[in-house]
Each structure stands twice: as structure tokens, then as C-alpha cells.
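A.B. asks: need the 3D shape of this:
(chains A and B)
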Amino acid sequence: DVKVTQSSRYLVKRTGEKVFLECVQDMDHENMFWYRQDPGLGLRLIYFSYDVKMKEKGDIPEGYSVSREKKERFSLILESASTNQTSMYLCASRAQGATYGYTFGSGTRLTVV
Amino acid sequence: EDQVTQSPEALRLQEGESSSLNCSYTVSGLRGLFWYRQDPGKGPEFLFTLYSAGEEKEKERLKATLTKKESFLHITAPKPEDSATYLCAASLHQAGTALIFGKGTTLSVSS
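C.D. replies: The predicted structure is shown next:
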């Protein structure tokens, strides 16, 4: 089975800090995604990547950046954390051209104080 | 605008009381429709993929169906362990697009 691993389950950071959320997948998938999930708003796409060093903005990229230096790793960076970035962050991956859905990680619950 | 809408937002059932969750979609060329289950504090877990109108998939007490405008997740004789949030998502034929998710239906089954 594909495994998508997010480095932290829970994270507490201070306003203004630079925050790194890491995601690693073990099935050589080309496509990787970062979502945030908030009550009443559902899953919202932040950034996605089709392959190494490639990235595309999703619906809500403001305040975030990403890095994909290796195929298996996709990092989400909060340049200067703010309280409105308190959320559940979900990483997912999928093989290029696959007709099946994503495989998700377990999520990182980030609290910015 | 491509959109996926789920209803109801929340559903409370008694154990054994069958019901259906709805996922309606307005997208420019559906490639596939996906159902996920999400438990509190965890990532979504894949349940089903449906590709064409009339298709049905089953797993234990769950059956997913697809028409040209909507999908249903039927839950037969639910148990408390079926309590979760159920998400549906659409994949488009257009290359370079990510899945479009609905906001989910939170199901609570009481014994």
C-alpha cells in the first residue's frame, strides 16, 4: 500500500515564525498536493506539484510556499505564521495519469498562537 | 465554475436505520467521482471510484452509485462504527487539475 507520511501530527507555533510541514510518500508518485481543512469550509487546495521542482498554485496559496527537491518529498512552508493559518493540513499523492483518487497522509494539526 | 456539493451537512441515524448521502456535481467533463471516509483527526481514507453513469460499487454496508448529475452513498443498516465524515470529490478530464472536493457529510450513528 502507498504510504504518505506527514512528519508531525500536532504542532504549536508562534505568530511570525517560519513553519515547515513535511510530507513523504513511498510509491514514486509524480503528483503531490497540500490541502488545509477547516470546519464548514471543507478541503481547500493550497499548492500541488506534478513532478520534482514543479509547483502550481491552488485556490489559497497566499502566505504559503512549497518545495519539491526530491520526488518523494513535498514541503509546505508558512513564511510568517499567523493565527488564521491555524488548521488541519493534509498532504496527498497520486501517480501521474492515475484514474484512482489520492492517498492522504494522517494530517498535521497546526495551532498558531 | 466546477463545483461539488454534498447534502446533508450532518445526518444522525439510529443503528439499523438506512439512509443515503448525496453528492451533486457541476463540472466540465467528469473523469471520475471518488468517495472518502474521514475519522476525526485523521486523513481521508479512500472508499470508491465511479467512472460512468449507472455504475455501482459496494463495500460492506456501503453502496455508491453515479448518475450524470450526482452520486449517492447508500448506507444499509448502519452501525455506530460507520460514524465519520464522508467526502466526495470529482476528477476532471482536463489535464493539470486537482480533485474538487465537497464539504462533506458528517454521519452519526447511535446505538
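A.B. asks: tell me the strands in the chain, going along the chain?
C.D. replies: Unless you meant another one, I'm taking chain A. Assigned by DSSP state E, chain A shows strands spanning A:4-6, A:10-13, A:19-25, A:31-38, A:42-49, A:56-57, A:64-70, A:73-78, A:87-94, A:103-104, A:108-112.
A.B. asks: could you do chain B instead?
C.D. replies: Under DSSP E, chain B gives strands at B:3-7, B:10-14, B:19-26, B:30-38, B:45-50, B:56-59, B:62-66, B:70-75, B:84-92, B:100-101, B:105-110.
A.B. asks: summarise which helices and strands the shortest one is packed against.
C.D. replies: Spelled out, that is strand B:100-101. Strand B:100-101 sits against strand B:3-7, strand B:84-92, with contacts defined as 3 or more CB pairs under 8 Å, 6 or more residues apart in numbering or on different chains; DSSP states H and E. (C-beta placed from N, C-alpha, C; glycine too.)
A.B. asks: hey, which of the ones you listed is tucked in deepest?
C.D. replies: For those, the largest average neighbour count (mean count of other CB atoms under 10 Å in any protein chain shown) is found in strand B:84-92, namely a mean of 23.
A.B. asks: what pLDDT, on average, does that strand get?
C.D. replies: With pLDDT averaged residue by residue, strand B:84-92 scores 93.
A.B. asks: for that strand, name the packing helices and strands.
C.D. replies: By 3+ CB pairs under 8 Å, 6+ apart, strand B:84-92 packs against strand B:3-7, strand B:19-26, strand B:30-38, strand B:70-75, strand B:100-101, strand B:105-110.
A.B. asks: sheet partners, orientation included, of it?
C.D. replies: Partners of strand B:84-92 in the sheet, by DSSP bridges, are strand B:30-38 (antiparallel), strand B:100-101 (antiparallel), strand B:105-110 (antiparallel).
A.B. asks: quick check: residues of chain B near chain A?
C.D. replies: Chain B has residues B:31-32, B:34, B:36, B:41-46, B:49, B:51, B:87, B:89, B:91, B:96, B:98-99, B:101-104 near chain A, with proximity defined as CB under 8 Å from any CB of the partner chain.
A.B. asks: okay, the residue nearest the centre of chain A: pLDDT?
C.D. replies: Nearest to the mean C-alpha position of chain A, counting by CA atoms, centre = their mean, stands residue A:34 at 2.9 Å. Residue A:34 is assigned 97 on the pLDDT scale.
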